[in-house]
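Undergrad: pasted the sequence and its predicted model underneath.
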Amino acid sequence: ETGVTQSPTHLIKTRGQQVTLRCSSQSGHNTVSWYQQALGQGPQFIFQYYREEENGRGNFPPRFSGLQFPNYSSELNVNALELDDSALYLCASSLAAGGLGANVLTFGAGSRLTVL
Amino acid sequence: GDSVTQMEGPVTLSEEAFLTINCTYTATGYPSLFWYVQYPGEGLQLLLKATKADDKGSNKGFEATYRKETTSFHLEKGSVQVSDSAVYFCALSVSGNTGKLIFGQGTTLQVKP
């Protein structure tokens, strides 16, 4: 059983640029959530995707967007990057959007984004 | 709104010492509660969970009891090892099925030989 894999592991961008982060969910999981973890802080929920549609969103502006593909993999896109977007971005997959199992998340190791 | 507060770290202990990391929460409804652990360079791993009041979650010698009357979910271990050194996050699930977890700020544990 493969876990959650994310790419790239590290990247550096400049203000105003756009970035795409990728995530392959754990085998058998159909739901993907994205979190932003600033240095020294706990992860903050960005949004979740289920059946290729956004299914819940945290307090993040529209320049944070995502996609989920038929194979349940996912992308996080951030436009017009700001310095405060520098963080570790975590992808997590789970079995279903519903019931207690939906909250048992399997996390990837994250993509560390630095915005200069 | 819903929130989680953890004791500030770092917590530094000698091997075989007793560990307590405090966690309290504020939530509407009846959340599920979780402890996740993050080892250096890795993603978060679920350590244990409890889904209703008075439930005790346990795993790898760690325990936490869901206390509704004190809105707490403190993490304990009777004898820590150097390999337990990591960052520990307390989290709660909001009601419903969005997979949204609200995390505390994390507590760094360092265990010395």
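TA: Cool, the structure landed. Predicted model only: the values in this text are computed from it and were never measured. Numbers count the residues shown, from 1 in each chain, chains lettered A, B, ... in the order given.
Undergrad: what sits against the closest residue to B:Lys56 other than its chain neighbours?
TA: The shortest distance from B:Lys56 to any residue that is not its chain neighbour, by CB to CB, 6 or more residues apart in numbering or on different chains, is 4.7 Å, and that residue is B:Thr65. Just so you know, the C-beta spots here come from the backbone N, C-alpha and C atoms, and that holds for glycine as well. Contact partners of B:Thr65, counting by CB atoms under 8 Å, 6 or more residues apart in numbering or on different chains, are B:50, B:54-57, B:73-74.
Undergrad: please repeat the previous calculation with a cut-off of 10 Å.
TA: Contacts for B:Thr65 (CB atoms under 10 Å, 6 or more residues apart in numbering or on different chains) come out as B:33, B:50, B:53-58, B:72-76.
Undergrad: kindly reformat these as TSV containing pLDDT, secondary structure and neighbour count.
TA: Shown next, in TSV, are these (pLDDT from 0 to 100; DSSP: H, G, I helix; E, B strand; the rest coil; neighbours: other CB atoms under 10 Å in any protein chain shown):
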residue	pLDDT	secondary structure	neighbour count
B:Leu33	93	strand	27
B:Ala50	93	strand	21
B:Ala53	92	coil	12
B:Asp54	94	coil	10
B:Asp55	94	coil	15
B:Lys56	96	strand	10
B:Gly57	96	strand	21
B:Ser58	97	strand	14
B:Ser72	97	strand	17
B:Phe73	97	coil	29
B:His74	98	coil	18
B:Leu75	98	strand	25
B:Glu76	98	strand	14
